[in-house]
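Peer 1: here is the input, now give the coordinates:
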Amino acid sequence: MEPKSLVEAEKTNGHKTELKIRQLEIADHAKGFIELLGQLSQCPSLSQSEFEARFADLVALGDDHHIAVVEDPTSGQIVATGSIFIEKKFLRSCSSVGHIEDVVVDKATRGTHLGQRIVNYLVDHAKAAGCYKVILDCTPELKVFYEKCGFVEKNVQMALYF
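Peer 2: So this is what the prediction gives:
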């Protein structure tokens, strides 16, 4: 049910480098994954054991929670990520909805279309899971980016933080 890994050729220092979108791995803690999330929102550092515990929680959800990452093969660092959660519904004959969250590309790598590639990968995952739609929330500044990915503004987001 998982979409094929996406392999893209990028030019880095005049050389072609393969940038592969893949699922998050335990080893990505040491590759700057948490620090990358910190470019999106508040994300204090986690110890290896804290990371491993949360990773185990997410693995237990199977394909219903998928975190995609891109690792720069030159630096070994995670330079892009995004996640999708598959919500099982009673509506629409027990269908499912994909929720995209936490899409971020490293500041030094922005402008290379990695964000669009991550979003497309997550959308493909939702399609493969049988979702009838994919939804996400974003800031007004990112509206144009998500429109380029095929999303349209719909309804109003509400939030209650604790």
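Peer 1: for the longest helix along the chain, packing partners?
Peer 2: Counting residues, the longest helix found in the chain (DSSP state H) is helix 114-128. Under the contact criterion of 3 or more C-beta pairs under 8 Å, 6 or more residues apart in numbering; DSSP states H and E, helix 114-128 touches strand 6-12, strand 15-23, strand 65-71, strand 78-88, strand 96-105, strand 131-136, helix 143-148. From N, CA and C alone the C-beta is placed, and that goes for glycine too.
Peer 1: gap between the two ends of stretch 152-162?
Peer 2: In stretch 152-162, first residue to last residue: 29 Å (C-alpha to C-alpha, to the nearest Å).
Peer 1: no wait, stretch 102-119
Peer 2: End-to-end for stretch 102-119, by C-alpha to C-alpha: 10 Å.
Peer 1: thinking again about what came up before, now mean pLDDT and mean neighbour count too, for the helices and strands packed on helix 114-128, in JSON lines please.
Peer 2: Shown next, in JSON lines, are the helices and strands packed on helix 114-128 (pLDDT from 0 to 100; neighbours: other C-beta atoms under 10 Å):
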{"stretch": "strand 6-12", "mean pLDDT": "43", "mean neighbour count": "13"}
{"stretch": "strand 15-23", "mean pLDDT": "78", "mean neighbour count": "14"}
{"stretch": "strand 65-71", "mean pLDDT": "97", "mean neighbour count": "22"}
{"stretch": "strand 78-88", "mean pLDDT": "97", "mean neighbour count": "21"}
{"stretch": "strand 96-105", "mean pLDDT": "97", "mean neighbour count": "20"}
{"stretch": "strand 131-136", "mean pLDDT": "96", "mean neighbour count": "17"}
{"stretch": "helix 143-148", "mean pLDDT": "95", "mean neighbour count": "13"}
